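sequence first, predicted coordinates after that:
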There are 2 protein chains.
Amino acid sequence: MIYMASHLITKKTRFFKALSDANRLRILKMLQVKPLCVCEITDILQLAASTVSKHLSILKENGFIKEDREGKWVNYKINYGSSDPRIAAVLTSLEFWIADDKIIASDKLKVIKVDRNEVCSR
Amino acid sequence: MIYMASHLITKKTRFFKALSDANRLRILKMLQVKPLCVCEITDILQLAASTVSKHLSILKENGFIKEDREGKWVNYKINYGSSDPRIAAVLTSLEFWIADDKIIASDKLKVIKVDRNEVCSR
DNA sequence: ATATCATTTCGTTATATGGCGAAATATAAA
DNA sequence: TTTATATTTCGCCATATAACGAAATGATAT
């Protein structure tokens, strides 16, 4: 089967694809509360660390988040200073683009309570 | 394998998923020029009519476009009056969200020239 | 009524995506 | 330098997605 390969426009879909996964939206919402390391996110989402790492790399590649190594931890945080105006538009009014619901509210509570020294290194 | 089924947040991804396909973005850009029927879009995108129909149904289900039957043709047009503010935001400034490129410029030219009585019923 | 044309629905197929665990890598601690 | 911890990369598998053609449906024209 021959698939279309219009590279120019395919690049445009990457922005939307990055936002097309429920767990990535949850991650953005959590990072809005405060920066988190991979194992903290892993603990809250209840996914394999490798899966979370992959989600974070997609969000980072697309400019939604930044990473910041701190010793053995890698902290991820919202990239409010993106030069892409679409990303800035989404990030500066996340509530508008991604409404809160019970799951997100619950995630945010967990973000506040999560303790890196407990959930990691178990 | 157990997949997450958080219905509330999965609904959120539908908006972005609808915009995550290159051909659907091309369709939105074409409809921005003027309303088109399925066979006109099929002719410009060079896809099977069934494929185009499916893309249109996804855009319609998500509130990006409206349909309007005119005899044996079904005309599709941009739904500028969406009650979902995110959709309104994207549609009222499509240039901001989906930049034009060579392919889109070429599509738009074809939209201006396309003649329903030629491309359909061949 | 029947034929024709536009569109949608359905069944099939290939690629993309997202999940996991294991192995590899990077840094800190012992 | 060895060990432990955090993260990433890799290979594999299941589901989702997007493509097609054929069949079904809606509407006009003969």
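Looks like it arrived, so ask away.

quick one: which helix or strand includes A:Thr42?
In this structure, A:Thr42 sits in helix A:38-45 according to DSSP states H and E.

that helix: what's the following helix or strand?
Counting by DSSP H and E, the element after helix A:38-45 in chain order, helix or strand, is helix A:49-61.

that next one - contacts with which helices or strands?
Packing partners of helix A:49-61 (3 or more Cβ pairs under 8 Å, 6 or more residues apart in numbering or on different chains; DSSP states H and E): helix A:7-18, helix A:22-33, helix A:38-45, strand A:65-70, strand A:73-78. From N, CA and C alone the C-beta is placed, and that goes for glycine too.

residue numbers of chain A in contact with DNA strand C?
A:1, A:3, A:17, A:20-24, A:46-51, A:54-55, A:58, A:69, A:71-72 (Cβ under 7 Å from any atom of the strand).

make a ChimeraX selection of the buried ones in those residues.
Buried members of the residues of chain A next to DNA strand C, defined by 16 or more other Cβ atoms under 10 Å in any protein chain shown, are picked up in ChimeraX with:
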select /A:17,20,21,22,23,24,47,55,58
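
pLDDT wise, what is A:Ser121 at?
At A:Ser121 the predicted local confidence, pLDDT, stands at 74.

what's the burial count for it?
Counted with other Cβ atoms under 10 Å in any protein chain shown, the neighbours of A:Ser121 add up to 8.

just how off-centre is stretch A:78-94 within its chain?
Relative to the chain's own centre, stretch A:78-94 is displaced by 13 Å; criterion: Cα atoms, centre = their mean, to the nearest Å.

for chain A, name the helix or strand with the lowest mean pLDDT.
Every helix and strand of chain A was ranked by mean pLDDT, DSSP states H and E. The lowest is helix A:7-18, at a mean of 82.
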